[in-house]
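> Model the following, please.
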Amino acid sequence: MSSKTSVDPGELRAAAHAEDSISDDMRGRSDKAIGATKDAAAALKGWTLSQALEMTAATWKPSLDGMRSRASTAAANLRTCAAGHEWNDAAASQDFENADARTQSAPAVMPAVAPAFVNRDNTSDPGRDPRAARTPGEMRNAGPMHATTSDSPFG
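Numbers count the residues shown, from 1 in each chain. From the prediction side, this is the model:
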């Protein structure tokens, strides 16, 4: 493990762009697959295979839509992370530029950015602006991500 930590916001945004591309690709392909499955079920009406195909289409559509939605949400989260790193770098550099005889600790407050993974129905979520409207790409049922020390590479 390296003792140097470096985050490039440009790379985070590039990863967000890739996630958006994955989400866009999945939309057309999953809709096409579900449509073809439904068409096959309709063509085989009266056969037991028809019911199995209908069930497959009905159960796979929410799963495929969920995967696409998570890719879109991940893209939004990566962009929020990139903005947070840029904000933090700017705040830290201001501490050094404006340093006098006293020590400073970034007295500014990061602007409230509501990442897509925030559950807006839970008013106890930190950083949530209760007046903010839901964005189209936001997942309604997702909760905030939680990490434990066992998840961290730092111990």
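> In this structure residue 27 contacts residue 68, no?
Yes: shown here, residue 27 and residue 68 form a contact pair, counting by CB atoms under 8 Å, at 5.8 Å. C-beta: built from backbone N, CA, C; applies to glycine.
> The two: which is more packed in?
Neighbour comparison, residue 27 and residue 68: the larger count goes to residue 68, with 19 against 15 (by other CB atoms under 10 Å).
> ok, the more buried one to residue 18 distance?
Between residue 68 and residue 18 the distance is 14 Å, computed by CB to CB, to the nearest Å.
> and what of residue 26?
Distance from residue 26 to residue 18, counting by CB to CB: 13 Å.
> The two: which has the busier surroundings?
residue 26 (17 against 14).
> For residue 46, grab phi and psi.
For residue 46, the backbone dihedrals (degrees, to the nearest 10) come out as phi 100, psi -20.
> what mean pLDDT would you report for stretch 63-76?
The predicted model assigns stretch 63-76 a mean pLDDT of 93.
> Would you mark the buried spots in that stretch?
The neighbour-count criterion (16 or more other CB atoms under 10 Å) identifies 64, 68-76 as the buried residues of stretch 63-76.
> tell me which of these is nearest to residue 14?
When the buried residues of stretch 63-76 are compared for distance to residue 14, the smallest value, 10.8 Å, is given by residue 75; criterion: CB to CB.
> Residue 24 is in contact with the closest one, correct?
No: taking CB under 8 Å as the contact criterion, residue 75 and residue 24 are not neighbours in contact, 10.2 Å apart.
> what about residue 24, neighbour count?
The burial count assigned to residue 24 is 13, neighbours taken as other CB under 10 Å.
> Oops, could you answer that again for residue 21 instead?
By other CB under 10 Å, 12 other residues sit near residue 21.
> do residue 30 as well
As a burial measure, the neighbour count of residue 30 was computed by other CB under 10 Å and equals 17.
> Now do it against residue 90, distance only.
To residue 90, residue 30 is 40 Å away according to CB to CB.
> can you pull out the helices in the chain?
9-43, 48-97 (DSSP state H).
> quick check: mean pLDDT across stretch 82-94?
With pLDDT averaged residue by residue, stretch 82-94 scores 86.
> Do I have it right that residue 9 meets residue 80?
No: the pair residue 9 and residue 80 does not pass the contact test of CB under 8 Å, sitting 10.8 Å apart.
> In terms of secondary structure, what does the lowest-mean-pLDDT helix or strand in the chain contact?
Here the helix or strand of the chain ranked lowest by mean pLDDT, DSSP states H and E is helix 48-97, holding a mean of 90. Based on contacts counted as 3 or more CB pairs under 8 Å, 6 or more residues apart in numbering; DSSP states H and E, the elements that helix 48-97 packs against are helix 9-43.
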